[in-house]
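S.K.: Sequence first, predicted model second:
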Amino acid sequence: MLLNEMLSKNHIQVNVEAKDWEKAIDLGGEILLKEKLIELSYIEAVKKTKREIGPYIVIAPGIALSHARPENGVNKTSMSLIQLKNPVKFGHEENDPVKLIFTLATTDNKSHLESLRQLMGVMTESSDMDILFTTKDVDKIVEVINKHS
Amino acid sequence: MLKILVVCGNGLGSSFLMEMNIKKVLKEIGAEVEVDHSDLTSAKGYHADIIVGTKDITSQLSGYAKELVELNNILDLEDMREKVVKALEKFENQ
């Protein structure tokens, strides 16, 4: 699956308000929940893992990859992205605060790998990441995603 | 061949991203090492020589590999290269 198939325009929101990390994970998950791509249990699993294991989903400065496992309630492999208006702390020593939340849901161990590879392409291109962190225009983000898909 | 295991909480997202970058680093330095990724629980039975993960993960795996490599930012290839090279050096004379 290509990145822009998983992370389509209607799965991207900018300037989102969230008061803390839990709310941020909820909001990212709700985009997928609304389309029944995941179940509520999936969002709960992400938060539970964060509480029990730690903030490892904060993979780089300002970026969280919110995800759990297929058996936690995934109906279709998909992804959402929210850019927060005000960054929130996840309790990560080096990478807080977080402004971008990618919510990743996958039905198996393989179907999302091509997309993740393409997402890595986005994340290692600093000019593209600047757009993701700062733009107030969803179409600009869609352009970046399409370029890497 | 040495075995590097990249670990994250559920073995699907960040560990795969780290694995991709580590393979890139290993290719650059010309090291022939086996790389795989897994979740925290399976990592304990894997018998890897080197375990790579973020701090909250590696802190729970001490004793499960000869070397632990702790990463903060999985996109920071420089940092990754430095730490992986250092870990590999410890196996050079064995």
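M.R.: Perfect, thanks for sending it. This structure is a prediction, so every number in the text was calculated from the model and none was measured.
S.K.: can we go C-alpha only for contacts and neighbour counts from here?
M.R.: Fine.
S.K.: Where in chain B is the helix or strand with the lowest mean pLDDT?
M.R.: helix B:55-58 (a mean of 86; mean pLDDT, DSSP states H and E).
S.K.: And the next helix or strand past that helix?
M.R.: Remark: after helix B:55-58, the chain's next helix or strand is strand B:67-71, criterion DSSP states H and E.
S.K.: Can you list the strands that that following strand pairs with?
M.R.: Sheet pairing for strand B:67-71, assigned by DSSP bridges, gives strand B:50-54 (parallel).
S.K.: How about residues contacting the partner strand?
M.R.: A:56, B:2-8, B:15, B:58, B:65-72, B:87 (C-alpha atoms under 8 Å, 6 or more residues apart in numbering or on different chains).
S.K.: State the mean pLDDT of that strand.
M.R.: For strand B:50-54, the mean per-residue pLDDT is 93.
S.K.: Restrict that strand to CA atoms and write it as PDB.
M.R.: C-alpha atoms of strand B:50-54 as PDB (Å, rounded to 0.1, in the frame of the first residue of the first chain):
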ATOM      1  CA  ILE B  50      23.300  -6.600  19.900                       C
ATOM      2  CA  ILE B  51      19.900  -5.200  20.800                       C
ATOM      3  CA  VAL B  52      19.000  -1.700  19.500                       C
ATOM      4  CA  GLY B  53      16.000   0.300  20.800                       C
ATOM      5  CA  THR B  54      14.900   3.500  22.400                       C
END
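S.K.: ok, now which ones touch the nearest residue to B:V35 once chain neighbours are set aside?
M.R.: Nearest non-adjacent residue to B:V35, counting by C-alpha to C-alpha, 6 or more residues apart in numbering or on different chains: B:I4, 4.8 Å away. By C-alpha under 8 Å, 6+ apart, the residues touching B:I4 are B:V33, B:E34, B:V35, B:D36, B:A48, B:D49, B:I50, B:I51, B:V52.
S.K.: got it, and A:E5?
M.R.: For A:E5, the contact set (C-alpha under 8 Å, 6+ apart) comprises A:S78.
S.K.: Residue 69: neighbour count?
M.R.: I'll assume chain A. Look at A:R69: counted by other C-alpha atoms under 10 Å in any protein chain shown, it has 21 neighbours.
S.K.: To clarify, I was referring to chain B.
M.R.: Neighbour number of B:V69 under other C-alpha under 10 Å is 19.
S.K.: What helix or strand is the residue sitting nearest the centre point of chain A located in?
M.R.: With distances taken as C-alpha atoms, centre = their mean, the residue of chain A nearest its centroid is A:F102 (0.8 Å). Using DSSP H and E, A:F102 sits in strand A:98-105.
S.K.: got the angle between the helix or strand following that strand and strand A:98-105?
M.R.: Later in the chain than strand A:98-105, the nearest helix or strand by DSSP H and E is helix A:113-123. Between helix A:113-123 and strand A:98-105, the angle comes out at 170 degrees (axes from the mean of the first three to the mean of the last three C-alpha atoms, to 10 degrees).
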